[in-house]
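**Student:** Below: sequence and its predicted model.
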Amino acid sequence: MSEMTPREIVSELDNHIIGQDKAKRAVAIALRNRWRRMQLDESLRYEVTPKNILMIGPTGVGKTEIARRLAKLANAPFIKVEATKFTEVGYVGKEVDSIIRDLTDAAVKMVRLQSIEKNRYRAEELAEERILDVLLPPAKNNWGQAEEQPEQSSTRQTFRKKLREGQLDEKEIEIEVAAAPVGVEIMAPPGMEEMTNQLQSMFQNLSGQRQKSRKMKIKDAFKLLVEEEAAKLVNPEELKQQAIDAVEQHGIVFIDEIDKICKRGQSSGPDVSREGVQRDLLPLVEGCTVSTKHGMVKTDHILFIASGAFQVSSPSDLIPELQGRLPIRVELEALTTEDFERILTEPNASLTEQYKALMATEGMHIEFTADGIRKIAEAAWQVNETTENIGARRLHTVLERMMEDISFDASESQGQSVEINADYVKTHLDELVADEDLSRFIL
């Protein structure tokens, strides 16, 4: 679990997301509260439940990006799901319980990687011994048992030194490694994924653990053997319990597009992908126990962050019980021309930096001037205003259109330099931006 302070979390998010300070502060406080709760006495810790968040804002302003970056910062089980992919229990489609199953799978994978990393030093020692056994097979006594001779021990140390110094990296050896389990692909109808997972596990267990002889260079064999030995040092039952604890105490679920499951108008008949899904989400958010292939998981202390554009609906269109379970509301603001300018230059790996790096692979030097960037930002904002407002995503379409000629001719233009200033942008974009019909279909 991350021990970063709210200020540090916001600072890290600032490296990738422009503006939206309220949303950043809300998720930073929520993430820090996870750590604060774990410092409490166990009796009080159980009573402190997470304050779930609802992020409201137009498309393309950074809601999903905040979730992506938060996943990297959290160092905790995290999953992002689309609300529109689920249907009410009893109908064909994915049930909302699969959110917790997927979160638990992610936790098992995360804990396994951490455990392997923790045992890496011991695994490297064991892998080294296996390679030395291939290079210098130990002599056997009359009973067929390995018996190390003094002179062999000296030779082994010499080879060990060469192995660690990389002198034997290119030498080919033949080693016995675990064969990949037999893959059984089972096509299942939506909502039956759990059954297919169990069937696949059963078939893999039936095939047993087989060994396979492979010939490869020592440097490649070492990597393979380290992974194999590290996996052997992991206790599967202990790993499952650690993963379940991580989900229950630190798990975070980000539900995107929650506005798309709001009920619209007076409609008759079952609403299996809208209000029904909301009703199924209630027990998850409130706290219940979900059965997974790794064990039972309680959702009482999982943090839920929901987001939606709410352009044709409003948060009040959610059923009242779900509204009450999302107490913290954060509104994200629409982006301005100044925000677009900052998005083009300030974040790590900004769009302009990406285009410069891509063209540099062809030997071209691209330079974006300040007035050129301003003009691109104005063009993107203008198209958003006159057609559909898709936020920062408009910058991708505008830049791609403007860079089309350069990208096409780059292979034949090695060593050339191109300056993208206001005049260049005006020449390539003004006609499209001015013509509403063209911008509607092209930008």
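**Tutor:** Perfect, thanks for sending it.

**Student:** From M216, how far out is D169?
**Tutor:** Distance of D169 to M216, given as CB to CB, to the nearest Å: 11 Å. Bear in mind the C-beta positions are built from the backbone N, C-alpha and C, glycine included.

**Student:** how many neighbours does the closest residue in space to L318 that isn't next to it in sequence have?
**Tutor:** Excluding the flanking residues, the one nearest L318 by CB to CB, 6 or more residues apart in numbering is C262, at 5.9 Å. Number of residues near C262 (other CB atoms under 10 Å) recorded here: 21.

**Student:** so C262 touches D317, yeah?
**Tutor:** Yes - using CB atoms under 8 Å, C262 is in contact with D317, at 3.9 Å.

**Student:** quick one, strands of the stretch 151-300 of the chain?
**Tutor:** 172-178, 211-217, 252-256, 289-292, 295-298 (DSSP state E, counting those that start in this stretch).

**Student:** Columns mean pLDDT and distance to E346 on top of those, output as CSV?
**Tutor:** As requested, the strands of the stretch 151-300 of the chain are arranged in CSV below (pLDDT from 0 to 100; distance: least, CB to CB, whole Å):
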stretch, mean pLDDT, distance to E346
strand 172-178, 81, 48
strand 211-217, 81, 45
strand 252-256, 94, 24
strand 289-292, 92, 41
strand 295-298, 94, 40
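
**Student:** Please identify the deepest-packed of these.
**Tutor:** strand 252-256 (a mean of 23; mean count of other CB atoms under 10 Å).

**Student:** Give me the helices and strands touching that strand, please.
**Tutor:** Under the contact definition 3 or more CB pairs under 8 Å, 6 or more residues apart in numbering; DSSP states H and E, strand 252-256 sits against helix 63-74, strand 78-82, helix 97-118, strand 303-308.

**Student:** mind redoing it with 7 Å?
**Tutor:** For strand 252-256, the packing partners by 3 or more CB pairs under 7 Å, 6 or more residues apart in numbering; DSSP states H and E come out as helix 63-74, strand 78-82, strand 303-308.

**Student:** Could I have the CA atoms of the host helix or strand of F408 written out in PDB?
**Tutor:** F408 belongs to helix 404-409 when assigned by DSSP states H and E. Output of helix 404-409 as PDB, limited to C-alpha atoms (Å, rounded to 0.1, in the frame of the first residue of the first chain):
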ATOM      1  CA  GLU A 404       0.000  14.000 -41.700                       C
ATOM      2  CA  ASP A 405       2.300  15.400 -44.400                       C
ATOM      3  CA  ILE A 406       5.300  15.300 -42.200                       C
ATOM      4  CA  SER A 407       4.600  11.700 -41.100                       C
ATOM      5  CA  PHE A 408       4.100  10.500 -44.600                       C
ATOM      6  CA  ASP A 409       7.300  12.100 -46.100                       C
END
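
**Student:** ok so, going back, mind giving me CSV with the helices and strands packed on strand 252-256 and columns for mean pLDDT and distance to L358?
**Tutor:** Formatted as CSV, those follow (pLDDT from 0 to 100; distance: least, CB to CB, whole Å):
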stretch, mean pLDDT, distance to L358
helix 63-74, 87, 21
strand 78-82, 93, 27
strand 303-308, 94, 31
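
**Student:** In TSV, list the ones you listed along with mean neighbour count and distance to L432.
**Tutor:** Formatted as TSV, the helices and strands packed on strand 252-256 follow (neighbours: other CB atoms under 10 Å; distance: least, CB to CB, whole Å):
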stretch	mean neighbour count	distance to L432
helix 63-74	19	27
strand 78-82	19	32
strand 303-308	24	31
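
**Student:** can you redo those as JSON lines with distance to M364?
**Tutor:** Output for the helices and strands packed on strand 252-256, formatted as JSON lines (distance: least, CB to CB, whole Å):
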{"stretch": "helix 63-74", "distance to M364": "29"}
{"stretch": "strand 78-82", "distance to M364": "36"}
{"stretch": "strand 303-308", "distance to M364": "39"}
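
**Student:** and I56, which of these is closest to it?
**Tutor:** I56 sits nearest to strand 303-308 of all the helices and strands packed on strand 252-256, at 6.6 Å, using CB to CB.

**Student:** Mind giving me the packing neighbours of the closest one?
**Tutor:** On a contact count with 3+ CB pairs under 7 Å, 6+ apart, strand 303-308 meets helix 21-38, strand 53-56, strand 252-256.

**Student:** and L282, which of those is closest to it?
**Tutor:** Of all the helices and strands packed on strand 303-308, strand 252-256 sits nearest to L282, with 12.7 Å by CB to CB.

**Student:** Can you dump the C-alpha atoms of the closest one in CSV for me?
**Tutor:** Output of strand 252-256 as CSV, limited to C-alpha atoms (Å, rounded to 0.1, in the frame of the first residue of the first chain):
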residue,chain,number,x,y,z
ILE,A,252,-9.9,0.1,-5.1
VAL,A,253,-12.6,-0.3,-7.8
PHE,A,254,-13.0,2.4,-10.4
ILE,A,255,-16.3,2.3,-12.2
ASP,A,256,-16.3,4.4,-15.4
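
**Student:** Give me the contacts around that strand.
**Tutor:** For strand 252-256, contacts defined as CB atoms under 7 Å, 6 or more residues apart in numbering pick out 64, 67, 74, 76, 78-83, 99, 103, 302-307.

**Student:** and what of stretch 369-386?
**Tutor:** 337, 340-341, 344-345, 352, 390, 394-395, 398-399, 402, 419-422, 424-426, 429, 433, 436, 439, 443.

**Student:** show me what contacts S213?
**Tutor:** The contact partners of S213, taken as CB under 7 Å, 6+ apart, are 174, 176.

**Student:** So it versus V134, what's the distance?
**Tutor:** The gap separating S213 from V134 is 11 Å, by CB to CB.

**Student:** what's the answer for Y121, then?
**Tutor:** On the measure of CB to CB, Y121 and V134 end up 21 Å apart.

**Student:** Looking at these two, which one has more neighbours?
**Tutor:** A count of neighbours by other CB under 10 Å puts V134 above the other of Y121 and V134, at 13 against 10.

**Student:** In a helix, that one, correct?
**Tutor:** Yes - according to DSSP: H, G, I helix; E, B strand; the rest coil, V134 belongs to a helix.

**Student:** That one touches V177, doesn't it?
**Tutor:** No - in this structure, V134 is not within contact of V177 by CB atoms under 7 Å, at 11.5 Å.

**Student:** In space, what's closest to L358 - neighbours in sequence excluded?
**Tutor:** Nearest one to L358, counting by CB to CB, 6+ apart, is S407 at 7.9 Å.
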